[in-house]
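**Student:** Below are the sequence and a predicted model for it; my questions follow.
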Amino acid sequence: QVHLVESGGGLVQAGVSLRLSCVASARTFSSYTVGWFRQAPGKEREFVAAISRDNSRTNYVDSVKGRFTISRDNAKNTVYLQMNSLKPEDTALYYCAAQWMGSSIATPDSGYDYWGQGTQVTVSS
């Protein structure tokens, strides 16, 4: 069992930055592909970004490319999502998820094994 805890969300104005963190309880954190997903009110959960187990590959949804950066520190069991130039349409509950021994960074949410509780990001115009 892996426990994921997200933090770093908040209420901000458009154009500013936030950094989300996801800390995992896994003893072998480097064995997990990690993704960030988000869900806005009334909308389906959508993929935001993912990072490979060895930090060599990343993947982003088109709407955040060039603004968001996913990274990980396996020594700290932590994955980060740096979000720059935030827009009101980025408002959502952001979740991190982990996939045991995942080889793909394009896995849909159904392929992830563990999920955090989420951290709210609200961007005002």
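**Tutor:** Yep, that arrived. These numbers were taken from a predicted model, which means no experiment stands behind them.

**Student:** SS state for the spatially most central residue of the chain?
**Tutor:** The residue lying closest to the centre of the chain (C-alpha atoms, centre = their mean) is W36, at 2.3 Å. Put simply, W36 is strand when judged by DSSP: H, G, I helix; E, B strand; the rest coil.

**Student:** Which residues are in contact with it?
**Tutor:** By C-beta atoms under 8 Å, 6 or more residues apart in numbering, the contact set of W36 is L20, C22, V48, A49, A50, I70, V79, L81, Y94, Y95, C96, A97. Just so you know, the C-beta spots here come from the backbone N, C-alpha and C atoms, and that holds for glycine as well.

**Student:** same thing but 10 Å
**Tutor:** W36 makes contact with 6, 20, 22, 47-51, 60-61, 64, 68, 70, 79-81, 83, 94-97, 116, according to C-beta atoms under 10 Å, 6 or more residues apart in numbering.

**Student:** can you pull up the bridge partners for it?
**Tutor:** Listed by DSSP bridges, the beta-bridge partners for W36 are A49, C96.

**Student:** now D73
**Tutor:** Beta-bridge pairing for D73 (DSSP bridges): T78.

**Student:** Roughly how far does it sit from M101?
**Tutor:** Here D73 is placed at a distance of 19 Å from M101 (C-beta to C-beta, to the nearest Å).

**Student:** Y60 now?
**Tutor:** To M101, Y60 is 22 Å away according to C-beta to C-beta.

**Student:** Who has more neighbours out of those two?
**Tutor:** Set side by side, Y60 and M101 show more neighbours around Y60, with 18 against 10, by other C-beta atoms under 10 Å.

**Student:** List the contacts of the closest residue to that one other than its chain neighbours.
**Tutor:** Distances taken as C-beta to C-beta, 6 or more residues apart in numbering put A49 closest to Y60, at 4.9 Å, once the chain neighbours are dropped. Counting by C-beta under 10 Å, 6+ apart, A49 touches 34-38, 58-61, 64-65, 68-71, 79, 81-83, 96, 105.
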